[in-house]
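Student: need a structure here:
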Amino acid sequence: MEALMKAEGPEAVEAILNQRESAIELSKSDPLRHGFQFPSWPFMFQQIAKWMEAFAFGGNGASKSIVGAYVVAMCLEKNPGCKMYCFAQDEDASKQIQQRYIWEYLPQELRYNHKTETGGYIKYTTKNGFTDSSFILDMRDGLENRECHFYTYSQYQANKHKFEGYEYGSRNAQWMVEVDGEMLPINVGAWLDEYLENGELYNTLLYRIPRRGASIFTTFTAIDGMTPFVADKIKGSEIKKTIKTDSDLFDHSTDDKGNVKEPLEVEWVREKRNSDIDPRAGVGMVFFPSKHNPWAGYRNMLTIHRHKSLEERLVRFHGIPSNVITTLFPMFSMGANVVKSEDFPDISDKSKFTTWHIDDHAAARNHFNIWGAVDANGSIWIRREWPDRKSYGEWAIFGDPKWKAGPATKKIGYDVQGYADLYADIERDLGIEPFERVGDSRAFANENDDNVDRFTQYAEVGLDYVPSDGRTESIGMQHLDDWFAYNPARPIDIENRPLLNIHEDCGNLIDSLLNYQMLGTKDEALKDPVDCLRYFRMVCCGEGPQHYDSKSLTQKAQGGAY
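Tutor: Below is the predicted model of the structure:
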């Protein structure tokens, strides 16, 4: 200011100060058009425009509810005929959070005495919220009026059929944002705040919103952990954008081996595509850092929480549930490791691939099996699983408080010959003859009433197995990391890519890799597919599978990642 005073004079300084005061006053009186937006908001708008489902996650003071109110108010102003439905935990939460914030974001000229001959009606008090828990907005633009209605989750439980006939969103959305160089509309029809239910209401809305091409927007606080519903939305998603962590909050020093003790970056944006047919079928997620809100008391929060566990700090300051970031395979990626059918090589060519069959035997449930191959470069290609997800359903289903056995585990009742016939059919379909079969060393060593172990039983029907590596599970898990290693900061190419490639049809193996954490009984149901992959990794005395030229049986050197 001093330099400006000298260069331009007191009039220039006064003009700037007046402009500043005017901007502050406008941000208070008309926050919808002149208010402050936090850095996460543009990413949130893009996710809402891109997908039919969008989630804002955040911890203390992260502005989730504020951005929810902003999105609702913008849709009501910009989108003719918008029908908006807002759901909260209870009546108090609806009035004190959703209704209050939306009221503050309505254009000032519409907040008071908005009663028009063409149907517009708004009446609001701080104590009681909107009269009849709704209002109608007449923008006097000659276009359809906009409606906003407020409900609680208990109201849905009391009358589930009530919401079946409603329409959500606008048929002519005009609020546009740029996404990957393309202008897309934001057309939200429902805002769910702190959705802790079992998914019934949400699924009902999913059947209704397509009529007007609308989206569902959910704001969620992960302080008390994830519900099964939210966990199901997050699992299988990919990190699309990261954000640097605050060195005042996270320990960026290194240990004796040069490893940074706590993360330098954490996830900021995640996405999950649910269909290759409909480009909008998917879920977008943004994790809101508390630091971006200058009114959240960030420095005071540091004083209270900076010495707590990593998991709690991630939740409190970034809205990241702990079980999102504690996976055993943090490098596993749907984009880097999962290969579409049309891009997957034909592993039946023995000159290029050496194939294996891995069998995880179980007495009380189906065996779990994978068929995979290794090429001359050491890349691993998992082509098939059984029971496969498409035919038999999930191997494990998320529940509270633990994962539960899914429909694919239910015993079909095959005996030794039945499994041999099944495997023969699968291998005939794939056009392969496994170089080696590996069976769970402990389960296959068990003997029947005639003192004959399973290695012998299967050998008698023409299937020769070798035992899996007998070392501890933790050792095998550590070795598996070799198959996931690549540099995520660089583009994936022939020089920088993980060794492990999984066919997209291996849904149960993929699901287990995304979620298994070695939590004992809590996620034991996920263990079998991971065990199969671990047995595969530990063949050849822990060296891993090697490629052998089918003509000379000479071993080809195994390659590595970046």
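Student: got the contact list for residue 151?
Tutor: 85-88, 94, 133 (C-beta atoms under 8 Å, 6 or more residues apart in numbering). All C-beta spots, glycine's among them, are computed from the backbone N, C-alpha and C.
Student: and residue 53, bridged to which residues?
Tutor: residue 216, residue 283 (DSSP bridges).
Student: didn't it look like it was pressed against residue 210?
Tutor: No - proximity of residue 53 to residue 210 does not meet the contact threshold set by C-beta atoms under 8 Å, at 11.8 Å.
Student: neighbour-wise, which of those two wins?
Tutor: Applying other C-beta atoms under 10 Å to residue 53 and residue 210 shows that residue 53 carries more neighbours, namely 23 against 14.
Student: dump the residue contacts of that one.
Tutor: Residues 206, 215-216, 218, 233, 282-284 are the ones in contact with residue 53 under the rule C-beta under 8 Å, 6+ apart.
Student: residue nearest the centroid of this protein?
Tutor: Centroid check for the chain by C-alpha atoms, centre = their mean gives residue 234 as the closest residue, at 2.7 Å.
Student: Mind putting the contacts of residue 151 into JSON lines with pLDDT, neighbour count and distance to residue 391?
Tutor: As requested, the contacts of residue 151 are arranged in JSON lines below (pLDDT from 0 to 100; neighbours: other C-beta atoms under 10 Å; distance: C-beta to C-beta, whole Å):
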{"residue": "85", "pLDDT": "97", "neighbour count": "24", "distance to residue 391": "38"}
{"residue": "86", "pLDDT": "97", "neighbour count": "24", "distance to residue 391": "41"}
{"residue": "87", "pLDDT": "96", "neighbour count": "27", "distance to residue 391": "37"}
{"residue": "88", "pLDDT": "95", "neighbour count": "23", "distance to residue 391": "41"}
{"residue": "94", "pLDDT": "96", "neighbour count": "22", "distance to residue 391": "45"}
{"residue": "133", "pLDDT": "96", "neighbour count": "18", "distance to residue 391": "47"}
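Student: pLDDT weak spots in the protein?
Tutor: Scanning the chain for pLDDT under 70 picks out 1-9, 12-30, 34, 224-226, 228, 236, 322-327, 399-401, 488-489, 550-562.
Student: which residues sit in contact with residue 116?
Tutor: Residue 116 sits in contact with 138, 140, where contact means C-beta under 8 Å, 6+ apart.
Student: Please determine how far it is located from residue 140.
Tutor: According to C-beta to C-beta, to the nearest Å, residue 116 and residue 140 sit 7 Å apart.
Student: Equivalent analysis for residue 375, please.
Tutor: In terms of C-beta to C-beta, residue 375 sits 68 Å off from residue 140.
Student: Between those two, which is the more surrounded one?
Tutor: The neighbour comparison of residue 375 against residue 140 (other C-beta under 10 Å) goes to residue 375, with 20 against 12.
Student: Report the beta-bridge partner residues of the more buried one.
Tutor: residue 353.
Student: Quick check: it vs residue 420, distance?
Tutor: Residue 375 is 28 Å from residue 420, by C-beta to C-beta.
Student: what do you get for residue 262?
Tutor: 51 Å.
Student: Tell me the one of the contacts of residue 151 nearest residue 291?
Tutor: Ranked by distance to residue 291 (C-beta to C-beta), those are led by residue 88 at 26.6 Å.
Student: The closest one - nearest residue in space that isn't next to it in sequence?
Tutor: Using C-beta to C-beta, 6 or more residues apart in numbering and skipping the chain neighbours, the partner closest in space to residue 88 is residue 94 (3.9 Å).
Student: quick one: the one you found and residue 150 touch, right?
Tutor: Yes - contact criterion C-beta under 8 Å: residue 94 and residue 150 qualify, at 5.0 Å.
Student: got any residues that touch both of these two?
Tutor: 86, 88, 129, 133.
Student: Which members of the residues you listed are positioned in strands?
Tutor: Counting by DSSP state E, those place 86, 88, 129 in strands.
Student: Next up, the contacts around the second one.
Tutor: The reference is to residue 88. Residue 88 touches 94, 97-98, 150-153, 193-194, counting by C-beta under 8 Å, 6+ apart.
Student: which element is residue 141 on?
Tutor: Counting by DSSP states H and E, no helix or strand carries residue 141.
Student: From residue 168, how far off is the residue nearest to residue 477 when sequence neighbours are not counted?
Tutor: Take residue 477 and drop its neighbours on the chain: the residue closest to it by C-beta to C-beta, 6+ apart is residue 328, 6.0 Å away. Here residue 328 is placed at a distance of 39 Å from residue 168 (C-beta to C-beta).
Student: Likewise for residue 287?
Tutor: 26 Å.
Student: Looking at the two, which has the bigger crowd around it?
Tutor: Per other C-beta under 10 Å, whichever of residue 287 and residue 168 has more neighbours is residue 287, with 29 against 23.
Student: A helix includes residue 243, no?
Tutor: No - under DSSP: H, G, I helix; E, B strand; the rest coil, residue 243 falls outside any helix and is assigned strand.
Student: got the contact list for the residue lying closest to it once chain neighbours are set aside?
Tutor: Counting by C-beta to C-beta, 6+ apart, the nearest residue to residue 243 once its immediate chain neighbours are dropped is residue 268, at 4.1 Å. The neighbourhood of residue 268, defined by C-beta under 8 Å, 6+ apart, consists of 40, 43, 241-243, 286-287, 289.
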